[in-house]
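Chemist: return a 3D structure for these sequence lines:
(chains A and B)
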Amino acid sequence: MAALTPLLVTRDLRRAFGGLKAVDGVDIAVMPGEVRAIIGPNGAGKTTLVSLICGRIAPGSGTIRFDGEDITALPAHLRVRRGIAYTFQITSIFANLTAYDNVALPVHRRLAGRDNMHPRQLREAVMQALDRVGLAGRAGTTAGTLAYGHQRLLEVAMGLALQPRLLILDEPTQGLSDGEIDNFIALVRDIARQATVLLIEHNMPVVMELADRITVLNFGKVLAEGTPDEIRRNAEVQAAYLGSTADV
Amino acid sequence: MSGHAPDGAGSASKAWALHAVVILGLLSLHVLLPDYHHGIAARIMVLAVFAMGYNLLFGYTGLLSLGHAMFFAAGLYGAGLPVYHLGWSVPVAFATGIACGGLLALAVGVLALRTTGVAFMIVTMMFSQVAYLMIYWLGDWTRGDEGLTLSRSERIVELGPIFLDLTDRDTRFLLAWALFSAVLVLTVFIARSPFGRVLVAIRENEERTRMLGYNAFANKLSAVVLSGLVCAMAGAAYGLLFGYVGATFGSIQYSILPLLWVLLGGAATTLGPLIGTYFMFYIVDFTQGFLRAYMLLVGVALILLVLFFPKGILGTIRERWLKWLP
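Modeler: Numbering: from 1, shown residues only, chains lettered A, B, ... in the order given. The predicted structure follows:
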């Protein structure tokens, strides 16, 4: 496996807000097919880091390479077209549109530019994405009236509809019930067979179950990185983060 | 967005049937209306084109401009000045007016779209005021408030076998009707097209749209230019059909009116602009009979609409009963 080149590499990535160094020299490398969890206390810079990666905010300095190419200066929508999809921490769907139309937007973007796109293709792809998250039966429902858990799933379906190479999930299980979380774990496993996943997550059992590797952030820096077992045994991590969670 | 949904085919044919009925209904007014109302209907159809252009940007894209008088005026003067001073033919002048509006919209769009919300309103209003003052500054050619009156000979179209006299009431009505119908069909196409859906998505949640791979700026700029082109088309047609080109049409009042028409009829509905323009025109026409401060009425109507009736006539009907309305 050593011959594989990483899908995503950040070099000395930095971003400050006023005096606060939200991301302070982060180097990470994510291999293709990996599920990488990013954990850390509140305010550690997790969302800022993935926002830099997907282009929602510009870095102060440092570089981001995706699939071997420097994408640091690329605007967000062009990164999406290269295969980076981001699902929002705070559910960000089109509340007044139906679930179907929510997913049709990314599908249409992905199929755009193909000469012979048939309306049937669009429909099949939309229904397929909805089906994967279990919302096929609610295609015609206005998104804003869906239950909260379903809105989270719709958010993921919109990401999936882009058929991304790197899917960034920002606290996807926040606010979900235990039963919904179990389904969610199965869904991410399914997604990980085709895409690389970058997962920000507070729920440690979910992280331990899903992640191939874990990066721990603290005060904007990488505190530790390793397999779930290594992270669990790491004394520094325990002091900074896990120590506060009794059930790990 | 309903055209996209699994039941799209049925709602699409219903929508097209409704628009066909409206277009034919307006044509029937040509023989049904008495002289006075016949003339008003022609004006309303041209002004409704202005409202439809405004609706593309305000209703569908969610960008509230307070400067659309400049696009109407760009069409009005872009067509009127060459006819008056250079003796250009009507079709060439019409195309020139539209082109002026498109270019102005491109320039204003590139700059104004760096802002959003209230700042966008103020920036567009300022640009429009600059355009308005330009009309006076170029008073040697425009004659400011007094304006220019186009003579009958300047408003004759001779294209091969076609001979049109724009001072003739029937010709005027039918041309206004043709223009209105073409733009209405265009807006239905846009509203149902992938481009129209992206505009709605930007209105609903711009950041999310960007993160689905869409270039929000390019789409918004396209909407501004398209809106400017349609509004300039209305301005050019208004000048050529009714023979008067004056500075009033560049004033702030003509930036507020399309907003009012669209709000009253229903923003982001294809037929709302027509309904709003029709209603408001007659309300003002009626009130002017006994109230000189009719702009007061416009202001009050605007406040009431925003506070109590934000979806307008067609928007409310769509919400309650006819979900398939585009």
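
Chemist: got the phi and psi for the most centrally placed residue in chain A?
Modeler: Ranked by distance to the mean C-alpha position of chain A (C-alpha atoms, centre = their mean), the top residue is A:Ile168 at 1.5 Å. Taking degrees, to the nearest 10, you get phi -100, psi 120 for the backbone angles of A:Ile168.

Chemist: A:Leu198 is in contact with that one, correct?
Modeler: Yes: in this structure, A:Ile168 is within contact of A:Leu198 by C-beta atoms under 8 Å, at 4.6 Å. The C-beta positions use only the backbone N, C-alpha and C, and glycine is treated the same way.

Chemist: helix or strand for the residue nearest to B:Leu229 when sequence neighbours are not counted, which one?
Modeler: With sequence-adjacent residues excluded and distances taken as C-beta to C-beta, 6 or more residues apart in numbering or on different chains, B:Leu229 is closest to B:Gly102, at 4.6 Å. B:Gly102 belongs to helix B:90-112 when assigned by DSSP states H and E.

Chemist: between the next helix or strand after that helix and helix B:90-112, how big is the angle?
Modeler: Past helix B:90-112, further along toward the C-terminus, the next helix or strand under DSSP H and E is helix B:117-137. For helix B:117-137 against helix B:90-112, the angle by axes from the mean of the first three to the mean of the last three C-alpha atoms, to 10 degrees is 140 degrees.

Chemist: go through helix B:117-137 and flag the buried ones.
Modeler: Buried residues in helix B:117-137, counting neighbours by 16 or more other C-beta atoms under 10 Å in any protein chain shown, are found at B:120-121, B:123-125, B:127-129, B:131-132, B:135.

Chemist: same question, stretch A:194-211
Modeler: Those would be A:195-201, A:203-204, A:206-211, for stretch A:194-211 by 16+ other C-beta under 10 Å.

Chemist: send me stretch A:191-208 as CSV with only the CA atoms.
Modeler: C-alpha atoms of stretch A:191-208 as CSV (Å, rounded to 0.1, in the frame of the first residue of the first chain):
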residue,chain,number,x,y,z
ILE,A,191,-20.3,5.2,1.3
ALA,A,192,-16.7,4.4,2.2
ARG,A,193,-16.6,1.6,-0.3
GLN,A,194,-16.6,4.2,-3.1
ALA,A,195,-15.4,7.4,-1.5
THR,A,196,-12.8,8.7,0.9
VAL,A,197,-14.6,10.1,4.0
LEU,A,198,-13.5,12.9,6.2
LEU,A,199,-15.6,12.7,9.4
ILE,A,200,-15.8,15.3,12.1
GLU,A,201,-17.6,13.7,15.0
HIS,A,202,-18.1,14.2,18.7
ASN,A,203,-19.7,10.9,19.4
MET,A,204,-16.7,8.7,20.3
PRO,A,205,-18.3,5.3,19.8
VAL,A,206,-19.2,6.3,16.2
VAL,A,207,-15.6,7.5,15.6
MET,A,208,-14.1,4.3,17.0
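
Chemist: for the stretch 101-250 of chain B, what lies in contact range of chain A?
Modeler: Within the stretch 101-250 of chain B, the positions near chain A by C-beta under 8 Å from any C-beta of the partner chain are B:194, B:197-198, B:200-201, B:204-205, B:207-216.

Chemist: give me the buried entries from those.
Modeler: The neighbour-count test (16+ other C-beta under 10 Å) marks B:194, B:197-198, B:200-201, B:204-205, B:208-216 as buried among these.

Chemist: which ones among those are found in helices?
Modeler: The helices in this structure, assigned by DSSP state H, contain B:194, B:197-198, B:200-201, B:204, B:208-210, B:216 from those.

Chemist: helix or strand: which one has B:Leu63?
Modeler: Judged by DSSP H and E, B:Leu63 forms part of no helix or strand.

Chemist: strands along the chain, start to end?
Modeler: Picked chain A for this. Assigned by DSSP state E, chain A shows strands spanning A:8-17, A:20-30, A:35-39, A:61-66, A:69-70, A:84-87, A:166-170, A:196-200, A:213-218, A:221-226.

Chemist: looking at chain B here, not the other one
Modeler: Using DSSP E, the strands of chain B run over residues B:148-149, B:156-159, B:162-165, B:244-245.

Chemist: what's the neighbour count on the residue nearest to B:Leu305 when sequence neighbours are not counted?
Modeler: Spatial nearest neighbour of B:Leu305, excluding adjacent residues (C-beta to C-beta, 6+ apart): B:Leu263 at 4.8 Å. For B:Leu263, the neighbour count with other C-beta atoms under 10 Å in any protein chain shown is 25.

Chemist: measure B:Leu263 to B:Gly235 for me?
Modeler: Relative to B:Gly235, B:Leu263 is positioned 21 Å away (criterion: C-beta to C-beta, to the nearest Å).

Chemist: ok, now B:Ala176?
Modeler: 13 Å.

Chemist: re earlier: list the residues that contact the residue nearest to B:Leu229.
Modeler: B:225, B:228-229, B:232 (C-beta atoms under 8 Å, 6 or more residues apart in numbering or on different chains).

Chemist: one step back: any shared contact partners between A:Ile168 and A:Leu198?
Modeler: What both A:Ile168 and A:Leu198 touch, as defined by C-beta under 8 Å, 6+ apart, is the set A:50, A:53.

Chemist: dump the residue contacts of the residue lying closest to B:Trp88 once chain neighbours are set aside.
Modeler: Nearest-residue entry for B:Trp88: B:Pro82, 4.0 Å, with adjacent residues in sequence omitted and distances by C-beta to C-beta, 6+ apart. For B:Pro82, the contacting residues are B:88, B:92-93, B:96, by C-beta under 8 Å, 6+ apart.

Chemist: let me see the contact set for B:Leu229.
Modeler: B:Leu229 sits next to B:53, B:98, B:101-102, B:105 when contact means C-beta under 8 Å, 6+ apart.

Chemist: of those residues, closest to chain A?
Modeler: For the contacts of B:Leu229, the closest approach to chain A (C-beta to the nearest C-beta) belongs to B:Ala105, at 22.6 Å.

Chemist: contacts only, for the closest one.
Modeler: Contacts of B:Ala105 were listed using C-beta under 8 Å, 6+ apart, and they are B:71, B:224-225, B:227-229, B:232.

Chemist: of these, which is the nearest to chain A?
Modeler: Distances from chain A to the contacts of B:Ala105, taken by C-beta to the nearest C-beta, are shortest for B:Val224, at 18.4 Å.

Chemist: number of nearby residues for that closest one?
Modeler: Neighbours around B:Val224, by other C-beta under 10 Å: 25.

Chemist: what's near enough to touch the spatially closest residue to it that is not a sequence neighbour?
Modeler: Nearest residue to B:Val224 in three dimensions, chain neighbours excluded: B:Gly109, at 3.5 Å (C-beta to C-beta, 6+ apart). Counting by C-beta under 8 Å, 6+ apart, B:Gly109 touches B:220-221, B:224-225, B:228.
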